[in-house]
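Undergrad: Structure here, sequence nowhere to be found:
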């Protein structure tokens with residue numbers, strides 16, 4: 001059992017994940033083949049580009065023929081941040097991956113997003129093709145990575161989309177982006193908004209298994225993030241990818257994530273926040289969060305795990321597009 005406030009702001013309690021699982025309903029089974037085909041094909045093509053692509057090497061062909069030239073920005077502490085840009089138009093939708101993942105995890109969204117908006121993927125420091133010459137793996141530093149990439153974009157409007165740990169990273173980046181930001185979307189995250197961070201002693205107990213056997217425990221932990229109907233090959237591939245993250249980066253990042261104090265961060269943000277959650281485990285408590293951040297709303301998708309964009313892109317992508325459209329509609333006219 002992994003009773004964490006947010007292993008990778010997974011914002012989830014894995015104990016709740018395990019206990020809340022039930023046999024997939026019949027309606028979900030009908031879509032399982034399509035879901036698995038997309039996820040498996042994407043991962044087989046190299047969704048995690050950490051091992052398959054060296055810095056500076058071009059990415060593989062993407063859905064719809066979209067191509068992104070490898071680009072780099074320097075974060076505030078000098079770490080080189082790799083990113084790709086697809087499509088054109090406002091807003092620029094900046095996709096931020098989760099803990100121990102990389103930019104390749106958004107491949108199934110690129111065609112739909114880039115046909116409407118400028119779409120940007122990036123590798124946070126210590127992940128994918130980005131540099132690792134950093135000692136402080138806090139969410140604030142990851143937020144600076146995102147801000148460094150956004151500074152390279154000419155778009156008048158920006159939407160930040162973060163998966164799992166990428167959600168809190170987006171919140172850290174939000175004040176740095178400034179008035180161009182029109183909204184933040186969190187995928188499978190923000191379940192801890194409105195709650196205090198855990199006590200350090202309790203956090204250390206929860207992280208201890210990762211310290212003792214990072215690779216082995218990661219392979220036991222990752223399957224809890226998926227629905228029972230998920231393609232086992234996809235689950236194994238994600239577990240393999242995440243277990244390759246260096247523990248000296250992954251564990252401090254996990255500590256930084258779980259010690260983030262949202263109470264001091266939220267007052268610095270002045271745009272709508274949307275949460276898109278799975279119905280597995282704990283979801284964002286909209287009523288509780290709105291007490292501390294009124295410009296918040298949550299959407300829950302049924303039948304998929306916490307890697308929504310991998311497991312069920314056919315259902316997830318339209319929801320993401322609607323969330324972006326709602327932020328665009330509500331945004332003040334750009335100067």
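TA: Looks like it came in fine. Remember, predicted model here, so these are calculated numbers, not experimental data.

Undergrad: Quick check: residue 85 is in a strand.
TA: Yes - per DSSP: H, G, I helix; E, B strand; the rest coil, residue 85 lies within a strand segment.

Undergrad: who's it bridged to?
TA: According to DSSP bridges, the residues that bridge with residue 85 are residue 120.

Undergrad: who's in contact with it?
TA: Under the criterion of C-beta atoms under 8 Å, 6 or more residues apart in numbering, the contact list for residue 85 reads 68, 69, 71, 118, 119, 120, 153. Where C-beta positions appear, they are placed from N, C-alpha and C, glycine not excepted.

Undergrad: Also residue 109?
TA: Contact criterion C-beta under 8 Å, 6+ apart gives 95, 119, 309, 313, 316, 317, 320 as the residues in contact with residue 109.

Undergrad: Then it would be within a strand, right?
TA: No - going by three-state DSSP, the assignment for residue 109 is helix, not a strand.

Undergrad: Can you tell me how far it is from residue 240?
TA: Distance of residue 109 to residue 240, computed by C-beta to C-beta, to the nearest Å: 22 Å.

Undergrad: Same check on residue 127?
TA: Applying C-beta to C-beta, one obtains 15 Å for the distance of residue 127 from residue 240.

Undergrad: Give me the more crowded residue out of the two.
TA: Applying other C-beta atoms under 10 Å to residue 127 and residue 240 shows that residue 127 carries more neighbours, namely 27 against 16.

Undergrad: pLDDT wise, what is the more buried one at?
TA: As summarised for this prediction, residue 127 has a pLDDT of 98.

Undergrad: again, but for residue 43
TA: The per-residue pLDDT reported for residue 43 equals 44.

Undergrad: likewise residue 203?
TA: On the pLDDT scale, residue 203 gets 93.

Undergrad: what's around it, how many residues?
TA: By the other C-beta under 10 Å criterion, the neighbourhood of residue 203 contains 18 residues.

Undergrad: So which elements touch the one helix or strand it maps to?
TA: Residue 203 belongs to helix 200-212 when elements are defined using DSSP states H and E. Other elements packing on helix 200-212 under the criterion 3 or more C-beta pairs under 8 Å, 6 or more residues apart in numbering; DSSP states H and E are helix 214-221, helix 247-258.

Undergrad: Check which residues of that helix are buried.
TA: Judged by neighbour count using 16 or more other C-beta atoms under 10 Å, the buried positions of helix 200-212 are 203, 206, 207, 210.

Undergrad: And the second one, how far from residue 138?
TA: Look at residue 206 and residue 138: by C-beta to C-beta, they are 18 Å apart.

Undergrad: try the last one
TA: Distance of residue 210 to residue 138, computed by C-beta to C-beta: 18 Å.

Undergrad: follow-up on the earlier one: mind listing which of the contacts of residue 109 are in strands?
TA: The strands, defined by DSSP state E, take in 95, 119 from the contacts of residue 109.

Undergrad: Export the contacts of residue 109 as TSV, with columns for pLDDT, neighbour count and distance to residue 84.
TA: Rendered in TSV, the data for those read as follows (pLDDT from 0 to 100; neighbours: other C-beta atoms under 10 Å; distance: C-beta to C-beta, whole Å):
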residue	pLDDT	neighbour count	distance to residue 84
95	98	27	10
119	97	26	9
309	96	25	16
313	95	24	18
316	97	23	20
317	98	17	18
320	98	23	18
